[in-house]
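[1] predicted model and sequence follow; I will ask about them next.
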Amino acid sequence: MTNLFLLIATLLCSLVAGFLLAFSVVVMPGIIKLKPREYLRAFKEMDAIIQRGHPLFMAVWLGSVLSLCAATFFSFDEWTGYKPLILLLATLVYILGVQAPTFLKNIPVNNRIQQTELDLTSEEELQPLKEALSMQWMFWNTIRTVVSILVSVTLLLTLLEL
């Protein structure tokens, strides 16, 4: 049972890492050159897909946490030695380094953008919001990206028993 959940967690955490990496190295750098209104509109539209609960995104995002927790839980019954502790540590790091910043740092910026009437706000008034997105949001996305990659590598090594 543990190996099945570990396999699923490795896949889903790796998909989350890839998603976050794509935003860090392609999506956000690609739209940063736009004027504030267009930049925020592009981000707002992408974020709206997630906020509407896109089923595949939600399955990957929530499934990564659930499968990782399940793998950790079952590992304490099925494994001996250090592997259950590695999974417990990976789970805590994933929750604190990927999930917590998402809810505490990134989503509040996303919500501010979602609530902003872009067509009724001047470019000058939108500039601080663009800066918050490009600085604060990207900082935390970089943290989430690095942590999710490290957790994925740890899960892969644990799965392969290296």
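    Yes, it's here.
[2] C-alpha from now on. contacts and neighbour counts both.
    Will do.
[3] residues of the helix ranked longest in the chain that come out buried?
    In the chain, assigned by DSSP state H, the helix with the most residues is helix 55-78. Neighbour-count burial for helix 55-78 flags 60-61, 63-76 (criterion: 16 or more other C-alpha atoms under 10 Å).
[4] distance from the chain centre to stretch 124-134, please.
    Its chain's average C-alpha position is 22 Å from that of stretch 124-134, according to C-alpha atoms, centre = their mean, to the nearest Å.
[5] contacts for that stretch?
    Around stretch 124-134, the neighbours that count as contacts under C-alpha atoms under 8 Å, 6 or more residues apart in numbering are 28, 32, 36, 37, 39, 40, 109, 113, 118.
[6] isn't the third one up against residue 123?
    Put plainly, it is residue 36. Yes: using C-alpha atoms under 8 Å, residue 36 is in contact with residue 123, at 6.1 Å.
[7] out of these two, which sits in the busier spot?
    Set side by side, residue 36 and residue 123 show more neighbours around residue 36, with 22 against 15, by other C-alpha atoms under 10 Å.
[8] and the strands in the protein?
    Secondary structure of the chain by DSSP state E: no strands are present.
[9] all the helices of it, residue numbers only.
    For the chain, applying DSSP H gives helices covering 2-22, 28-31, 36-51, 55-78, 83-94, 100-101, 107-115, 123-132, 138-159.
[10] need the ones you listed in JSON lines (columns: mean pLDDT).
    Below are those laid out as JSON lines (pLDDT from 0 to 100):
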{"stretch": "helix 2-22", "mean pLDDT": "97"}
{"stretch": "helix 28-31", "mean pLDDT": "95"}
{"stretch": "helix 36-51", "mean pLDDT": "97"}
{"stretch": "helix 55-78", "mean pLDDT": "97"}
{"stretch": "helix 83-94", "mean pLDDT": "97"}
{"stretch": "helix 100-101", "mean pLDDT": "98"}
{"stretch": "helix 107-115", "mean pLDDT": "95"}
{"stretch": "helix 123-132", "mean pLDDT": "93"}
{"stretch": "helix 138-159", "mean pLDDT": "97"}
